[in-house]
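Peer 1: Attaching a predicted model along with its sequence, questions to come.
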Amino acid sequence: MNPLPIDKAIPLPSRFPFEQMKVGDSFAIPPDVQRTTASVAATRYGNKTNKKFITRKMPDGSYRCWRTE
């Protein structure tokens, strides 16, 4: 049996655009994603990179995530 080849240096795709965000930028959380999923991901990314994010419910019932620091 041939062993499976091992690939190196393949980046894990990000579900959310935290890396590209500047302070004041935001994105709409897709309706098929729970707000808590995006909020936890933002908090974890922020803790690793010393950045801050916040999620809020919009008047139309959707949610957005902002980079605040």
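Peer 2: Nice, I can see it.
Peer 1: Show me where the protein dips below the pLDDT cut-off.
Peer 2: Judged by pLDDT under 70, the chain has no weakly predicted residues.
Peer 1: okay, which residue is most central for it?
Peer 2: Phe16 (3.3 Å; C-alpha atoms, centre = their mean).
Peer 1: got a list of what it touches?
Peer 2: 27, 38, 41-42, 45, 65 (C-beta atoms under 8 Å, 6 or more residues apart in numbering). (C-beta placed from N, C-alpha, C; glycine too.)
Peer 1: And these, which of them are buried?
Peer 2: For the contacts of Phe16, a burial check counting by 16 or more other C-beta atoms under 10 Å picks out 27, 38, 41-42, 45, 65.
Peer 1: farthest pair in these?
Peer 2: Farthest pair in the buried ones among the contacts of Phe16 (C-beta to C-beta) is Phe27 and Tyr45. Separation: 12.9 Å.
Peer 1: which residues does Pro31 contact?
Peer 2: Per C-beta under 8 Å, 6+ apart, neighbours of Pro31: Ser62.
Peer 1: what about it, distance to Arg64?
Peer 2: 12 Å (C-beta to C-beta, to the nearest Å).
Peer 1: now the strands for this structure?
Peer 2: 26-29, 53-57, 63-67 (DSSP state E).
Peer 1: circling back to that earlier point, make JSON lines from the contacts of Phe16 and add distance to Lys8 to it.
Peer 2: Shown next, in JSON lines, are the contacts of Phe16 (distance: C-beta to C-beta, whole Å):
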{"residue": "Phe27", "distance to Lys8": "31"}
{"residue": "Ala38", "distance to Lys8": "30"}
{"residue": "Ala41", "distance to Lys8": "25"}
{"residue": "Ala42", "distance to Lys8": "29"}
{"residue": "Tyr45", "distance to Lys8": "23"}
{"residue": "Cys65", "distance to Lys8": "32"}
